[in-house]
Every structure is written in C-alpha cells, then in structure tokens.
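J.: here you go, sequence then predicted model.
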Amino acid sequence: MLELASVRSGASLARANMDRNLVIRHIDSLIVARQNMEQPHESEWNAFLALLEQNAKNFDKIKIFVRTPGGGPSPKQANRLRGILNNKPVLVAVVSESLVVRFLGSSIALLNRDLRMFTPEEVGLAYKHLKLAPHECDLVERIIDEMAFELY
C-alpha cells in the first residue's frame, strides 16, 4: 500500500490561506513536487530540503518528479540543494514548458547525472526516466492535478 504524505512546515500551515509556490508529496520512494511561476517560499524550500535530508541514505532509491510552468529555486536555494545532494546521483525528472527552466535544469544536471528535463509533451519519457510502474504514473498524474489547486 502506498503511503501518501504531505510535506508542510509549521510556518506553511500557519500561512494556509496565503499564496503557496511549492507543494510536495512523498509517496514511499517517490517525491512529487508542483510549483507555480514563483520561487519557493523559504519555509516551503526548507520542508523540501528536510525531506531530502531524511532520505539521504536512500538517494539510490528516491525518484523525484517536478512539474513547473516556469518557477524554480533561487540561486541561494539551489546552492543549498547542491549541498544536500553532495554530488550523489538522484533520479529527477523536471517537466516544464519553460525553456529557461529546462536550460537551468540542464546546468544543474552537470552535478546530478540522473536529472533530466522534459517538455509537457514528453511526460511519458519523464515517467520512463524515473522507471515508474503504470500505477505510479497514474498516481503522479492524479497528484499533480490535485496540487494545482493548492498553488492558486
């Protein structure tokens, strides 16, 4: 049975009625992230990094699926992410229509050989990159759709 956990810090719970820029779900070894056009709030990014730190011993099993129309981490946030990853490869698929996001993601891929960028039309390739089973693909689709309502 897959366990679905929503990652929210105490600060983000207090701001439940405020705009959210990043929503994270953790299902077993799968992390699903949905972002809007803005940089994550520090509390959101801190929660994401805490989740990664908790799973650092399992980086070889973790799969991260990110859907963003154009938002991404700030340079400071990206540096903190690099520190946690510590040059360890983690399977990551980022799906975005933004050429800028895909370009920046490709530069981060120099530090993580298992990070790949995809257009929305290539989402099937993103699932294949993450080696998702068909039921996991369906789960990701459902979660990504649900997460959209939490961002706006």
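T.: Yes, it's here. Please read these numbers as outputs of a predicted model, since none were measured by experiment.
J.: report the contact partners of residue 88.
T.: Residue 88 sits next to 56, 59, 112 when contact means CB atoms under 8 Å, 6 or more residues apart in numbering. Where you see a C-beta, it was placed from the backbone N, CA and C, and this is true even at glycine.
J.: could you dump those into JSON lines and include secondary structure, distance to residue 67 and pLDDT?
T.: Converted to JSON lines, these look like this (DSSP: H, G, I helix; E, B strand; the rest coil; distance: CB to CB, whole Å; pLDDT from 0 to 100):
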{"residue": "56", "secondary structure": "helix", "distance to residue 67": "24", "pLDDT": "91"}
{"residue": "59", "secondary structure": "coil", "distance to residue 67": "21", "pLDDT": "92"}
{"residue": "112", "secondary structure": "coil", "distance to residue 67": "18", "pLDDT": "77"}
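J.: columns neighbour count and distance to residue 138 on top of the residues you listed, output as TSV?
T.: Below are those laid out as TSV (neighbours: other CB atoms under 10 Å; distance: CB to CB, whole Å):
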residue	neighbour count	distance to residue 138
56	13	29
59	17	25
112	20	26
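J.: pull the contacting residues for residue 64.
T.: Neighbouring residues of residue 64 by CB under 8 Å, 6+ apart: 30-33, 90-93, 130.
J.: of these, keep whichever come out buried.
T.: Listed as buried from the contacts of residue 64 are 30-33, 90-93, 130; burial here means 16 or more other CB atoms under 10 Å.
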